[in-house]
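A.B. asks: Predicted model, plus sequence, below.
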Protein chains: 2
Amino acid sequence: MVELLSVAQAVDLVLGYAGHFGTEHVPLAEASGRILQQSVHAERDQPPYDRVMMDGVAYRYGAGAVLGCHGVQRAGIPARPLPDGATCLDVMTGAVLPEGADTVVPVERLIRDGKHVHFEAGYEPQKGQFVHLKGSDCEAGHELLNPGLRLNGPALAVLAGNGYPTVEVSKVPSIGIVATGDELVDVVTAVQSWEIRRSNEYALTGALASRGFTRLERSVVPDDLAETMLALEKQLARHEVLILSGGVSMGQFDHVPKALTKLGVERVFHKVAQRPGKPLWFGVGPEGQRVFGLPGNPVSATCCATRYVIPMLLAGQGVSRPETYSVKLDADAARVSTLTRYLPVRVLHDASGQAWATPYPMPTSGDFSFLAATDGFVELAPGDVAASAGSHAVFHGW
Amino acid sequence: MVELLSVAQAVDLVLGYAGHFGTEHVPLAEASGRILQQSVHAERDQPPYDRVMMDGVAYRYGAGAVLGCHGVQRAGIPARPLPDGATCLDVMTGAVLPEGADTVVPVERLIRDGKHVHFEAGYEPQKGQFVHLKGSDCEAGHELLNPGLRLNGPALAVLAGNGYPTVEVSKVPSIGIVATGDELVDVVTAVQSWEIRRSNEYALTGALASRGFTRLERSVVPDDLAETMLALEKQLARHEVLILSGGVSMGQFDHVPKALTKLGVERVFHKVAQRPGKPLWFGVGPEGQRVFGLPGNPVSATCCATRYVIPMLLAGQGVSRPETYSVKLDADAARVSTLTRYLPVRVLHDASGQAWATPYPMPTSGDFSFLAATDGFVELAPGDVAASAGSHAVFHGW
């Protein structure tokens, strides 16, 4: 029997074909969740002027505790000089510090008396207080964001604050999801007692859409070689990534590998030492299309998508931060002697911040209802000794 | 001085007005990330028939190691009887077990010889192997999914597999994001040295969009009472939730609270014992609109959105699982004696699954560039003694 590829070897092979899906410029309002692919630099010194940090009055420190006040430095206008005969100006948060002033006293500390203000009893301001000095955060040109970042709220705010109306992000690849299997009927169709409903395409849609991969087309091919070839040829022409489910095990009606080979998709590997998901197929098409043949079993398909498809797509977008992290098992978990085991788990953090994974072993390989109660799986290396409660493992989220 | 509302009190008040945004039915293909608002039950016994789990042959256990084989039980057709004169049928994964058969032998274990197959040397099948018995996972009618679940891949697959072409989910509320402040210019405009660019609306958009709140309208009002009233009246008529940023501190040009009161928005609270974000304003409009007045400072606005707006929106959608979790600090962190402190952090899990938060203290309250390197904040209760490295705190993600 030929030695099966290990998970590490298979992942390396897949990632070796990740390549890059290219970049495009999108308006900032549409960039949430996209992957940054440019450096972002400070447009100006930050803050760009000596900035008032509190509503109140601005004055020159040492001018006394009773100040003549007849004018306002609003936000959004150039710095005004402290007027002749006055020793302060009303100011509002965000305004430029008036010329000649160096200190701000907040309105809560002031008592107003006609054209004068005085400090509340006992109040002693500190020189320079509530003034955010020009350039004190960073200088113009400073690099604020690096490529590979998934654009969240703060990152979008940095882009907006520094004059980037559009931003260069990774392109979202076009993905074809192809279900195979004559026993499969659609969710809207009446189902016969010998049929089951297609569900993998929805599991895949969920995993992909939650990570921003929304350029998806779903299709179905029957268990027939000629029709499989016709359908796959069309899908290969339309998409950069194909994800097939079903049709990759060893039966006489599994036409998918044969059809792919005839269409010039070069097999990189078939079968990996893992459970579930052993029949996984991966190849590369004539135009560089990445083609995954996932097992038809829904749990297997979901595990393979999580372990191979998603990491390849994230790598192809240049995502800099891994999604995986370590967790501790809260119960013993059997290993499989020669196969890497994917064990579905639910993850919770205890009050001290320890991430605990509760295993949800599959009742049988065909059941997937229980997966909806889980967050992902932990990966257990092959072995004959169970992973004991308290040992750690790498968690991959759905 | 009036005692400020505590964070816990303010959060309770906000959540008390969360209500529910209602439900709607959406097609399954558009339901990814939505919040389930119905129970989901098994359409049929699971599996719905005695299901073949491997490609190979199905036979009656005990019929011997050499089997007559001239027929196929494909997937997607009703059960065939074992033919007269034959003792097995070829079967494929997912097929119905043929009538009269009780055991499956995988193709890898078989040697084929014309119309006969025999087992490989020494192979001993177990009775009933590779047959997934009807109803062994669950019975028809069993509850598979509960309301409150965010629909991920596995949950969508459960819906598809059980004949739900549409699904009842929480409505996404319509949200108006309103920026105030004369000093603020748009990202596309040339900026003067005394002006700064609006960024809060993008920070909010990112936080909202990443959680599926995409029914957003952005607008701007100047620092003028009459114009503020006109603009807010329009926004109140159009949205279930208004998020204002800026205009809620104590200066004479902060017209927002005044305008809201005149428009019949009842103030629930103004100011909370927290840093940043002390001037937070919250009220409820005549039609039940939830109105947040966030401070204009970008860090403050982002913290308040994370601590109040997002939890209220999630509660209003009936989300059952909290987003927050505990982490350990990897450095000492000062508290503020009378205020809850929001301290931006980056969170990483170590190899044993412990979540560690690295504080990113703000250089000054006006700088937000550093926030893009963080994942959220930890909440530190008021106090005079610093939280020491190794102590734990609750983490809120951006």
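C.D. replies: Here it is on my side, so go on.
A.B. asks: Pull up the gap between A:S326 and chain B, please.
C.D. replies: Going from A:S326 to chain B by CB to the nearest CB, to the nearest Å gives 5 Å. For every residue, glycine as well, the C-beta is placed using N, CA and C.
A.B. asks: The spatially closest residue to A:D45 that is not a sequence neighbour: what's it in contact with?
C.D. replies: Among residues not flanking A:D45 along the chain, A:G135 sits closest, at 3.6 Å (CB to CB, 6 or more residues apart in numbering or on different chains). Shown in contact with A:G135 (CB atoms under 8 Å, 6 or more residues apart in numbering or on different chains): A:D45, A:Q46, A:P47.
A.B. asks: Go through the residues you listed and flag which are in helices.
C.D. replies: Cross-referencing these against helices under DSSP state H gives no overlap.
A.B. asks: Among the residues you listed, which one lies nearest to chain B?
C.D. replies: Proximity of those to chain B (CB to the nearest CB) peaks at A:P47, which lies at 5.6 Å.
A.B. asks: Low-confidence ranges, the stretch 251-398 of chain A, go.
C.D. replies: Along the stretch 251-398 of chain A, segments meeting pLDDT under 70 span A:251-253, A:363-367.
A.B. asks: a markdown table please, covering the contacts of A:G135 and showing distance to B:P286, neighbour count and pLDDT.
C.D. replies: Formatted as a markdown table, these follow (distance: CB to CB, whole Å; neighbours: other CB atoms under 10 Å in any protein chain shown; pLDDT from 0 to 100):
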| residue | distance to B:P286 | neighbour count | pLDDT |
| --- | --- | --- | --- |
| A:D45 | 45 | 18 | 93 |
| A:Q46 | 41 | 26 | 86 |
| A:P47 | 39 | 22 | 88 |
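A.B. asks: As CSV, the residues you listed with distance to A:L144 would be great.
C.D. replies: Below are these laid out as CSV (distance: CB to CB, whole Å):
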residue, distance to A:L144
A:D45, 13
A:Q46, 9
A:P47, 14
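A.B. asks: how about stretch A:345-357, does it reach chain B?
C.D. replies: Yes: shown here: stretch A:345-357 in contact with chain B (CB under 8 Å from any CB of the partner chain) through A:L348, A:H349, A:D350, A:A351, A:S352, A:G353, A:Q354, A:A355, A:W356, A:A357.
A.B. asks: Surely the last one is in contact with A:H349?
C.D. replies: I take that to be A:A357. No: look at A:A357 against A:H349 with CB atoms under 8 Å: they stay out of range, at 10.8 Å.
A.B. asks: which ones are touching A:P382?
C.D. replies: A:A273, A:R335, A:V336, A:S337, A:T338, A:L339, A:T340, A:R341.
A.B. asks: Which strand or helix spans it?
C.D. replies: Using DSSP states H and E, A:P382 maps to neither a helix nor a strand.
A.B. asks: so how far is A:T338 from it?
C.D. replies: In this view, A:P382 and A:T338 are 5 Å apart by CB to CB, to the nearest Å.
A.B. asks: do the same with A:G181
C.D. replies: As judged by CB to CB, A:G181 and A:T338 stand 28 Å apart.
A.B. asks: between the two, who's got more neighbours?
C.D. replies: Remark: of A:G181 and A:T338, A:G181 carries more neighbours, 25 against 12, as counted by other CB atoms under 10 Å in any protein chain shown.
A.B. asks: Identify all contacting residues around the helix ranked longest in chain A.
C.D. replies: The longest helix of chain A (DSSP H) is helix A:225-238. Helix A:225-238 is contacted by residues A:174, A:176, A:178, A:180, A:217, A:219, A:221-222, A:242, A:244, A:247, A:255-256, A:258-260, A:262-263, A:265, A:285-287, A:289, A:291 when judged by CB under 8 Å, 6+ apart.
A.B. asks: now, which of those residues lie close to chain B?
C.D. replies: Answer for these near chain B: none qualify (CB under 8 Å from any CB).
A.B. asks: quick one: which of those sit in strands?
C.D. replies: Secondary structure from DSSP state E places A:G176, A:V178, A:T180, A:E217, A:S219, A:V221, A:L242, A:L244, A:V291 of the contacts of helix A:225-238 in strands.
A.B. asks: beta partners for the closest residue to the second one other than its chain neighbours?
C.D. replies: Okay, so that is A:V178. Nearest non-adjacent residue to A:V178, counting by CB to CB, 6+ apart: A:L244, 4.6 Å away. On the basis of DSSP bridges, A:L244 is bridged to A:V178, A:G293.
A.B. asks: Against chain B, how distant is A:L244?
C.D. replies: Distance from A:L244 to chain B, by CB to the nearest CB: 15 Å.
A.B. asks: Any figure for the gap between that residue and A:L260?
C.D. replies: 8 Å.
A.B. asks: Which one of the two is surrounded by more residues?
C.D. replies: Neighbours per residue (other CB under 10 Å) separate A:L244 from A:L260, with A:L244 holding more: 29 against 25.
A.B. asks: residues touching the more buried one, list them.
C.D. replies: Taking CB under 8 Å, 6+ apart as the contact definition, A:L244 lies against A:V178, A:A179, A:T180, A:L232, A:V256, A:W281, A:V291, A:F292, A:G293, A:L294.
A.B. asks: Scan these and report the most crowded one.
C.D. replies: When neighbours are counted by other CB under 10 Å, A:L294 leads the contacts of A:L244 with 31 neighbours.
A.B. asks: contacting residues for that one?
C.D. replies: A:200, A:243-246, A:248, A:277, A:280-281, A:300-301, A:304-305, A:309.
A.B. asks: In helices only, show me these.
C.D. replies: A:N200, A:S300, A:A301, A:C304.
A.B. asks: List, out of those residues, those positioned next to chain B.
C.D. replies: Of the residues in these, proximity to chain B by CB under 8 Å from any CB holds for A:N200.
A.B. asks: Among the ones in helices among the contacts of A:L294, which one lies nearest to A:N152?
C.D. replies: A:C304 (28.6 Å; CB to CB).
A.B. asks: sorry, back to before: shared neighbours of A:P382 and A:T338, which are they?
C.D. replies: By CB under 8 Å, 6+ apart, the residues touching both A:P382 and A:T338 are A:A273.
A.B. asks: Neighbours of A:R321, how many?
C.D. replies: Counted with other CB under 10 Å, A:R321 comes out at 10.
A.B. asks: so it is in which element?
C.D. replies: Residue-wise, A:R321 maps onto no helix or strand under DSSP H and E.
A.B. asks: Who are the contact partners of A:R211?
C.D. replies: A:R211 makes contact with A:I310, A:L313, A:L314, according to CB under 8 Å, 6+ apart.
A.B. asks: mind listing what's buried in the helix or strand A:H118 falls within?
C.D. replies: Using DSSP H and E, the element containing A:H118 is strand A:116-119. Buried residues in strand A:116-119, counted by 16 or more other CB atoms under 10 Å in any protein chain shown: A:V117, A:H118, A:F119.
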